[in-house]
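Colleague: 3D model of this:
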Amino acid sequence: MPKSQPSYFRTLWLASLSGVRVNFVPGIALWVIGILVVAVYYGVPDSAGVFDRIIDLKERYGYAFSAVSTATFGGLIPFICLLCSKRVPHGAALSWGLFFLIYWTVRGVEVDALYRAQALLFGDNAEWQTILTKVVVDQFVYCPIWSAPITAISYGWKDAGFSWKAYRPQLNRDFFLFQVPSVLLSIWIVWIPATAIIYALPLELQIPLFNLVLCFFVLLISVLDPESEEAIIR
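Modeller: So this is what the prediction gives:
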């Protein structure tokens with residue numbers, strides 16, 4: 001008798017397993033870092049001056065702060081990691097560098113808008129019900145509908161040499177049934193706990209902690225699995 005075909009969910013899990021394995025250990029380290037930041041904010045009065053300065057910068061520059069900081073931590077640092085590990089194709093340094101900076105500048109503004117909208121809708125407090133609601137919206141609405149697909153499409157376009165003609169045939173059934181969900185599973189491994197920690201802070205500190213987590217995530221992934229570029233994207 002012929003072997004039965006594996007189920008969709010088993011096939012998806014096997015396709016995602018590499019990203020899950022790569023993300024798990026850095027994820028634990030990042031959760032510890034995030035928890036320590038939250039613990040210091042709420043439990044160490046002497047740290048108030050540092051946090052107040054960050055809050056002041058965020059309030060003063062708003063979306064511009066989010067754009068520049070996320071472009072730095074999500075774009076510039078990953079690009080430098082890739083460049084130093086010689087994983088940028090020859091002659092593509094300028095185009096890749098611009099891609100990383102522009103992409104993460106836009107994403108920084110977008111994530112800031114998400115955090116602000118959630119604060120307006122659900123409140124800006126550290127109650128567990130508020131945090132849970134924000135995590136559900138973030139990870140199970142925003143990520144599946146927008147973040148995971150746009151991440152997969154953007155990075156796939158980059159890997160196709162920024163040629164839409166070359167990349168378009170890859171946007172097929174398997175892309176939406178397997179590639180996007182596998183990116184989403186990799187995202188969830190790190191970012192479900194991470195967003196819970198981020199939402200435990202006041203609104204003005206959420207983007208800075210998001211950037212911090214993103215930065216350390218990139219550095220840890222670069223050390224633990226230098227071949228896995230996909231693991232560094234949110």
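Colleague: how far does the helix or strand hosting Pro78 sit from the chain's center?
Modeller: Following DSSP states H and E, the helix or strand that holds Pro78 is helix 77-84. Centre-to-centre, helix 77-84 and its host chain are 16 Å apart (Cα atoms, centre = their mean, to the nearest Å).
Colleague: Which positions within the helix or strand following that helix qualify as buried?
Modeller: Later in the chain than helix 77-84, the nearest helix or strand by DSSP H and E is helix 93-122. By 16 or more other Cβ atoms under 10 Å, the buried positions in helix 93-122 come out as 96-97, 99-101, 103-112, 114-116, 118-119, 122. Every residue, glycine included, has its C-beta placed from N, CA and C.
Colleague: Low-confidence ranges, the chain, go.
Modeller: Applying pLDDT under 70 to the chain picks out residues 1-6, 8-9, 11-23, 219-234.
Colleague: try it again with 80
Modeller: 1-27, 85, 178-179, 182-183, 186-187, 216-234 (pLDDT under 80).
Colleague: where along this protein do the strands fall?
Modeller: Read by DSSP state E, the chain holds no strands at all.
Colleague: where along it do the helices fall?
Modeller: Along the chain, the segments classed as helices by DSSP state H run 8-43, 48-61, 63-70, 77-84, 93-122, 128-137, 148-159, 164-167, 173-174, 180-198, 203-224.
Colleague: How far away from the center of its chain is the fifth one?
Modeller: In this case it means helix 93-122. Offset of helix 93-122 from its chain centre (Cα atoms, centre = their mean): 10 Å.
Colleague: Kindly report the same for the shortest one.
Modeller: For helix 173-174, the separation from the chain centroid amounts to 24 Å (computed by Cα atoms, centre = their mean).
Colleague: What are the buried residues along the helix holding Pro78?
Modeller: By 16+ other Cβ under 10 Å, the buried positions in helix 77-84 come out as 77-79, 81-82.
Colleague: could those be laid out in CSV, adding distance to Ala196?
Modeller: Below are the buried residues of helix 77-84 laid out as CSV (distance: Cβ to Cβ, whole Å):
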residue, distance to Ala196
Ile77, 24
Pro78, 24
Phe79, 29
Cys81, 27
Leu82, 29
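Colleague: do you know how far Arg116 is from Ser69?
Modeller: Distance of Arg116 to Ser69, computed by Cβ to Cβ, to the nearest Å: 15 Å.
Colleague: Quick check: Gln118 touching Val136?
Modeller: No. Judged on Cβ atoms under 8 Å, Gln118 makes no contact with Val136 at a distance of 10.4 Å.
Colleague: what residues are shared contacts of these two?
Modeller: Common neighbours of Gln118 and Val136, using Cβ atoms under 8 Å, 6 or more residues apart in numbering, do not exist here.
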